[in-house]
Structures are given as structure tokens and as C-alpha cells.
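Student: need coordinates for the below:
(chains A, B, C and D)
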2 protein chains.
Amino acid sequence: MTATRSTRQRDVIARVLDAAPGPLAVPEVLSRAQSDLPGLGIATVYRTLKLLTDQKRIHPVTLDGETRYETAGKGHHHHFSCTRCGRVFTLHTCPVALPSGTVYPGGFIVEAHEVTLYGQCPDCAGA
Amino acid sequence: MTATRSTRQRDVIARVLDAAPGPLAVPEVLSRAQSDLPGLGIATVYRTLKLLTDQKRIHPVTLDGETRYETAGKGHHHHFSCTRCGRVFTLHTCPVALPSGTVYPGGFIVEAHEVTLYGQCPDCAGA
DNA sequence: TTAGTTGCAAACCATTTGCACATCA
DNA sequence: TGATGTGCAAATGGTTTGCAACTAA
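Tutor: Purely as a prediction, here's the structure:
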């Protein structure tokens, strides 16, 4: 069978995602992880993201055609994408009330929902 | 300067998108358009989708890492992605009330929002 | 006629995979 | 030591682009 090893690379990548204020794109993960591990290769980043995803420790989020990754287990949350600086933040309040099982007009049975807000993040709004 | 010509290919592709019940992925656009225009090439589909997007006649929607295209000017709406059959539908009711200018907790100024509902479409729920 | 468009094949580019070397246990 | 993991380079696969033939106006 297939054992899974703990390595420096995996630890660093997982830590980078934990420390982020929102989901990160692959190049962001790579460059942040490289400040701790200069030699880190992009292939390892992809392999590790896939591994952590399979282990449900992180999960992918697609925003504007770009796949980002975030730590799992943050509970129900949504995202805010800043139209000025492009950064993505995690929001912990939810603007919709659609419990699983809600039947939407037309006969659509809702099991989950995803919300993305677009606008100016606090930094950009202040400038 | 650059004039834009009306062609069979462009008409067919635009019509395919108009007729769809929701945003279509590139392979869906290609195969549907090919029933009218067997020789249609994938490059033309990509070029036309880009052209129509630039003209604001359609616009891209990213769902689960896949870029889809839908006719513009349908007014405010959202999407429902069926977890059984994978089809995507356009919904004309909106479950959130966040007018542009709303300030979200944390100081995020909301300009727009996007909602995707996941669950069973009427067909799959009935089966 | 002729600028604009198309299909094909080559080019691109982000992501994945093969392999020899390195490393965790 | 042996099974895993890593970095590098090659392979993939979806999307874009160059080019010669085609076509709308």
C-alpha cells in the first residue's frame, strides 16, 4: 500500500496556505513557499496541492478562471475578490439563507451554494 | 481600421449560445455548432467567443474550473450547477440583497456579486 | 477586388509525468 | 536499506497564432 511521508516541502506548502488571508493561486503558493525553501520546484507544488486536496486538508476554489487553494475546515464561508489589487479574501459572514434541501423556483433542489463578492478591499478603498 | 464581418460561423455560434438554457463550455459550443456547420474548426470557435466577448454580446462564466460562455443582456441572474448531470442552468431569481455600495463587515465595499447554487436539476430530481 | 475570416498545423503555456537522485522512517 | 518524495526535463492537453486559401461586401 501507499504510505504518506511528512516532508519539509509539504509542511511548508501547508503552512503557506494556513497563513493566507484567502485562497492562493499556484504562483503565489510557489513564491511564498520558496522564501522558506529556495530550491522548491513547481512540480512539487502541484503534486502537493493534489495530495492535500485528496486528503481533504485543502480544497480548490475557482475564481475568474483561475484555480486557487485554501485550507479546509474553515466552516461555511465565501470570498471577496478585489477588483483593484486582485487579491482574494475569505469572508466569514454569509449573505444568503438557503439551507440544504431548499427547492428553488423551477424545481431545482439546492444542496449547497457559493458566493463571490467583487469590489474594493479595505486597503484599496482607503487609498 | 478594422471592420467586422458577418459570417455563417459567427451567426451559428451566437445562435447556439442564445438557444442554450445556461452557459456552455467550449466543447459544447463546438459540437452544437457543428450540427449546422460540420466543417467548423475549434480555432474559429475560440476566436469567435473572444470576439463576441469583446463586443459584450456574450460573457464568460467560470464554474468549477471550467470557462463557459453565455449570451449577455439577460439582466441580473445566477447559475445552478447540477451535481448529477453536470449541466448548468441560468436562474432568474436572486437569493441575496447586496446593492452596489454595500459595505461588508471588515470594510469591504461590494460592487457586484456572483452566486452559484449546486444540487439536483428538475430532471435529475425527478428520476 | 480586397480586407477580413477560416481551417489546419505549429506554437504556447499551465499542468502532469518519467526518471535518476535524494530522503524519510 | 527500501519505499517515498523531489527536481529537472520531457510530455500533455487546452488555447492561441501564423499562414495560405476562401469569402463577404
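
Student: for the nearest residue to A:Tyr118 once chain neighbours are set aside, pull up the helix or strand it's in.
Tutor: Excluding the flanking residues, the one nearest A:Tyr118 by C-beta to C-beta, 6 or more residues apart in numbering or on different chains is B:Ala112, at 4.4 Å. Backbone N, C-alpha and C define where each C-beta goes, glycine included. Element membership of B:Ala112 [criterion: DSSP states H and E] is strand B:108-120.

Student: which strands or helices does that strand pack on?
Tutor: strand A:108-120, helix A:122-126, strand B:78-82, strand B:103-104 (3 or more C-beta pairs under 8 Å, 6 or more residues apart in numbering or on different chains; DSSP states H and E).

Student: what's the most buried one of these?
Tutor: strand B:78-82 (a mean of 22; mean count of other C-beta atoms under 10 Å in any protein chain shown).

Student: what about that one, average pLDDT?
Tutor: Summarised as a single mean, pLDDT over strand B:78-82 is 95.

Student: returning to that earlier point: name every strand pairing with the strand holding B:Ala112 and say which way it goes.
Tutor: strand A:108-120 (antiparallel), strand B:78-82 (parallel), strand B:103-104 (antiparallel) (DSSP bridges).

Student: chain center to it: distance?
Tutor: 15 Å (C-alpha atoms, centre = their mean, to the nearest Å).

Student: let me see the mean pLDDT of that strand.
Tutor: Mean predicted confidence for strand B:108-120 is 95.

Student: same check, this time on stretch A:49-66
Tutor: 94.

Student: who in chain A is up against DNA strand D?
Tutor: When proximity is defined by C-beta under 7 Å from any atom of the strand, chain A lies next to DNA strand D at A:1-5, A:7-10, A:37, A:39-41, A:43-44, A:47-48.

Student: show me where chain A has its helices.
Tutor: Residue ranges of the helices in chain A, as given by DSSP state H, are A:8-19, A:26-34, A:42-54, A:122-126.

Student: what does chain A put close to chain B?
Tutor: Proximity of chain A to chain B (C-beta under 8 Å from any C-beta of the partner chain) is limited to residues A:60, A:62-65, A:67, A:80, A:83, A:89, A:91, A:93, A:95-98, A:104-122, A:125-126.

Student: so which of those reach DNA strand C?
Tutor: Among the residues of chain A next to chain B, DNA strand C is touched by A:Thr67 when using C-beta under 7 Å from any atom of the strand.

Student: residues contacting the residue nearest to A:Tyr118?
Tutor: Shown in contact with B:Ala112 (C-beta atoms under 8 Å, 6 or more residues apart in numbering or on different chains): A:Leu117, A:Tyr118, A:Gly119, B:Ser100.

Student: next: A:Gly119.
Tutor: Counting by C-beta under 8 Å, 6+ apart, the residues that A:Gly119 touches are A:Phe80, A:Cys82, A:Thr83, B:Tyr104, B:Phe108, B:Ile109, B:Val110, B:Glu111, B:Ala112.

Student: was I right to think the fourth one contacts A:Thr93?
Tutor: Yes: applying C-beta atoms under 8 Å as the test, B:Tyr104 and A:Thr93 come out as touching, 7.3 Å apart.
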